[in-house]
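[1] Generate coordinates for the sequence data below:
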Amino acid sequence: MYSKIMMLFICIAWYVLQCQCAGQGPSESQLAVIVRKVDEIYHEPNGIYYDDFFEALHSIKVVTRATGNIPSLDEFLKTLEDREYTLTDCLNIVRFIVGDDTQQAYAEALFKRNGNTSTINFVQLSVVTYGIRFQRNMDISIHKEDQLKAALLKYTFPIQTKEDAIRTIIQNLNFAVLK
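    The predicted structure follows:
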């Protein structure tokens with residue numbers, strides 16, 4: 001009796017996963033749509049702008065009938081501003097900005113200066129990253145919050161090349177088989 005129940009459970013799980021296209025990437029026609037759209041938004045010396053990238057994501061989602069909850073650029077930036085960041089988040093972001101782990105202890109000290117040692121808000125995180133940039137003699141000419149938004153965009157959606165953009169789109173959308 002137990003093996004019959006387990007077999008039934010496995011069959012139902014397999015069916016549900018097939019219906020949701022688990023583990024499947026885009027079909028050839030969907031991939032062609034993605035590549036064509038990325039080619040349209042790629043600007044030769046500068047690469048891809050995030051405004052164009054988010055518009056392309058939504059366009060690709062509609063044309064390919066892909067699923068996924070992709071916010072607009074404004075919604076994404078608002079989400080960044082509204083969330084709380086843990087020490088681990090802070091250290092990962094600093095590592096991304098600096099490119100190595102040399103500033104981890106300093107970032108942790110700046111994080112803990114904010115009184116609440118479990119989380120900090122976006123403004124406090126921008127102060128931490130600004131302090132790290134200042135310490136490392138990195139560019140601080142842009143407003144610290146705008147600079148953090150740009151860094152978090154690159155951290156979340158790495159799209160330096162066409163291949164990066166295609167990979168990011170495939171990773172952030174779920175593709176159904178076209179019939």
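[2] Any regions of the protein where pLDDT drops low?
    1-23, 116, 176-179 (pLDDT under 70).
[3] Nearest residue to the middle of it?
    In the chain, the centroid-proximal residue (Cα atoms, centre = their mean) is residue 156; its distance is 2.6 Å.
[4] Let me see the contact set for it.
    Contact analysis of residue 156 by Cβ atoms under 8 Å, 6 or more residues apart in numbering lists residue 76. Bear in mind the C-beta positions are built from the backbone N, C-alpha and C, glycine included.
[5] and what of the one 3 residues further on?
    Listed by Cβ under 8 Å, 6+ apart, the contact partners of residue 159 are 47, 48, 50, 53, 165, 168.
[6] And residue 63, how close does it get to residue 164?
    Using Cβ to Cβ, to the nearest Å, one gets 21 Å for the distance from residue 63 to residue 164.
[7] Could you do residue 47 as well?
    Looking at residue 47 against residue 164, where the rule is Cβ to Cβ, the gap reads 9 Å.
[8] does residue 132 really touch residue 104, like I thought?
    No: contact status for residue 132 versus residue 104: not in contact, 9.8 Å apart, counting by Cβ atoms under 8 Å.
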